[in-house]
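Colleague: Let's see this in three dimensions:
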Amino acid sequence: ISGQFKLQKAELSWSKKLPLGALDYYGINEVDLIQVIPPEHFTTIDVPNCALSIDNCHNRVWKWFNFGYPNHLPKNCSAVTNLDALKGAAVTEVMRWEVDQWELFSGAGPDVKKEDVRVVPLSTLVLYDPTLDPVMKLKEGKGLWRNEDMMWNNWN
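Modeller: Below is the predicted model of the structure:
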């Protein structure tokens, strides 16, 4: 990995959710957390800014931590996606292959390089981009694509 990692102090709201039992184990109410921040070219939409509150709108991928999992969003679904989508580019192609298996790509799926493919929780993409809400209604074997105006269209 090239580049320098940085450290930043996390805002207190994160210390109530992330220490995974440390608060109970040590019998304390809070703990100072330090976030390791990757170099900018490795940062993706699922890397929170822990200097901000956990429920800050800039940390929307993590909002389920405080507000629960949205009812319409299946918990155990995974999405095959690409780095462009994980860096914030608009998803333009979606396919639901099975009950819990999806593909969401920025750009044409067949053109995605193998080294740019990632598997992430579906929630990462849907919570980041509210315009992906229609993909939650897809039946298995169905897909959507977006045109230049970012309007969803059914695959025929």
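Colleague: Buried residues of stretch 121-130, list them for me.
Modeller: Residues Pro121, Leu122, Ser123, Thr124, Leu125, Val126, Leu127, Tyr128, Asp129 are the ones in stretch 121-130 that count as buried (16 or more other C-beta atoms under 10 Å). Using the backbone N, CA and C atoms, a C-beta is placed for each residue, glycine as well.
Colleague: Let me know the average pLDDT across it.
Modeller: Model confidence over stretch 121-130, given as mean pLDDT, is 90.
Colleague: residues making contact with that stretch?
Modeller: 45-46, 60-61, 63-64, 69-70, 73-75, 77-79, 81, 85-86, 88, 90-91, 102, 104, 132-133, 135-136 (C-beta atoms under 8 Å, 6 or more residues apart in numbering).
Colleague: now with 6 Å?
Modeller: Ile45, Asp46, Arg60, Val61, Leu73, Cys77, Ala79, Trp102, Leu104, Leu132 (C-beta atoms under 6 Å, 6 or more residues apart in numbering).
Colleague: How many residues are close by Glu11?
Modeller: 17 (other C-beta atoms under 10 Å).
Colleague: Pull up the gap between the spatially closest residue to it that is not a sequence neighbour and Asp129, please.
Modeller: By the measure of C-beta to C-beta, 6 or more residues apart in numbering, the closest residue to Glu11 outside its immediate chain neighbours is Ser53, 5.4 Å from it. Ser53 is 21 Å from Asp129, where distance means C-beta to C-beta, to the nearest Å.
Colleague: Put the alpha carbons of stretch 30-50 into PDB.
Modeller: The C-alpha trace of stretch 30-50 is given here as PDB (Å, rounded to 0.1, in the frame of the first residue of the first chain):
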ATOM      1  CA  GLU A  30     -16.400   6.300  27.600                       C
ATOM      2  CA  VAL A  31     -13.100   5.700  26.000                       C
ATOM      3  CA  ASP A  32     -11.000   7.800  23.600                       C
ATOM      4  CA  LEU A  33     -10.900   6.300  20.100                       C
ATOM      5  CA  ILE A  34      -8.400   7.000  17.400                       C
ATOM      6  CA  GLN A  35      -9.300   6.400  13.800                       C
ATOM      7  CA  VAL A  36      -6.800   5.200  11.300                       C
ATOM      8  CA  ILE A  37      -7.400   7.100   8.000                       C
ATOM      9  CA  PRO A  38      -6.200   5.600   4.800                       C
ATOM     10  CA  PRO A  39      -4.500   7.700   2.100                       C
ATOM     11  CA  GLU A  40      -7.100   9.600   0.000                       C
ATOM     12  CA  HIS A  41      -6.800   7.300  -3.000                       C
ATOM     13  CA  PHE A  42      -7.800   4.300  -0.900                       C
ATOM     14  CA  THR A  43     -10.800   6.100   0.800                       C
ATOM     15  CA  THR A  44     -14.200   4.700  -0.100                       C
ATOM     16  CA  ILE A  45     -17.800   5.600   0.800                       C
ATOM     17  CA  ASP A  46     -17.800   3.100   3.700                       C
ATOM     18  CA  VAL A  47     -14.900   4.900   5.500                       C
ATOM     19  CA  PRO A  48     -16.600   7.100   8.100                       C
ATOM     20  CA  ASN A  49     -15.300  10.500   9.200                       C
ATOM     21  CA  CYS A  50     -15.100   9.700  12.900                       C
END
